[in-house]
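>>> sequence and predicted structure are below.
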There are 2 protein chains.
Amino acid sequence: MTAYTATVTVRLKHGVLDPEAETTQRALERLGFELADLRSADRFEIDLEADSTGDAEDRVDEMAERLLANPTIHDYDVEIAER
Amino acid sequence: MTAYTATVTVRLKHGVLDPEAETTQRALERLGFELADLRSADRFEIDLEADSTGDAEDRVDEMAERLLANPTIHDYDVEIAER
């Protein structure tokens, strides 16, 4: 078994309203910053043991599909690195 | 001016309690997943125009310090990519 860290980034799908991001963008603009767009995402870093990178990726994909992301509104991607 | 996308990752400092991450980890374990640790972070993707990568990085660093991160409890890092 090898120790891996998986990084899961969960984003809202294009077209889904993101009031948190809009509020943050407006607050930055009120502070005088110029920006064209701001998107927010959740990131999970998961330490796990697995037989291979592929095995780790399969398990973390399943975690994302069953709990971390809501497929109706979210896209996600998974990166795996050896720890 | 060049178009850049900055990615800001805001993490809780080591030692700061993260009840959201603990709850997520426990929920995954209840679903039968084995994992050693789970950490959560916020990620902001910011589109902006700047004269250079260094200029973009300076401005986004300032955004993080003034609004996106709370220096008492958060660490953050900034990555800049041309759009």
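Yep, it's here. Numbers count the residues shown, from 1 in each chain, chains lettered A, B, ... in the order given.

>>> in chain A, what residue sits furthest out from the centroid?
Farthest-out residue of chain A from its mean C-alpha position, per Cα atoms, centre = their mean: residue A:32, at 28.3 Å.

>>> what's the distance between it and residue B:49?
15 Å (Cβ to Cβ, to the nearest Å). For every residue, glycine as well, the C-beta is placed using N, CA and C.

>>> element containing the residue nearest to the spatial centre of chain A?
Centroid check for chain A by Cα atoms, centre = their mean gives residue A:9 as the closest residue, at 1.4 Å. Here residue A:9 sits within strand A:2-12, counting by DSSP states H and E.

>>> near chain B at all, that strand?
Yes: interface with chain B: strand A:2-12 contributes A:3, A:9 (Cβ under 8 Å from any Cβ of the partner chain).

>>> quick one: mean pLDDT over that strand.
Across strand A:2-12, the average pLDDT comes to 97.

>>> quick check: next helix or strand after that strand?
Assigned by DSSP H and E, the successor of strand A:2-12 is helix A:19-30.

>>> near chain B, which residues of chain A? Just list them.
Checking chain A against chain B by Cβ under 8 Å from any Cβ, the hits are A:3, A:9, A:21, A:24, A:27-28, A:31, A:33-49, A:59, A:62-63, A:66-68.

>>> tell me the mean pLDDT for stretch A:50-59?
Stretch A:50-59 comes out at a mean pLDDT of 97.

>>> my guess is residue A:10 contacts residue A:71, does it?
No: if you go by Cβ atoms under 8 Å, residue A:10 and residue A:71 don't touch, sitting 10.7 Å apart.

>>> neighbour count for those two, which is higher?
More crowded of residue A:10 and residue A:71, by other Cβ atoms under 10 Å in any protein chain shown: residue A:10, with 18 against 10.

>>> from residue A:26, how far off is that one?
23 Å.

>>> same check, this time on residue A:20
In terms of Cβ to Cβ, residue A:20 sits 11 Å off from residue A:26.
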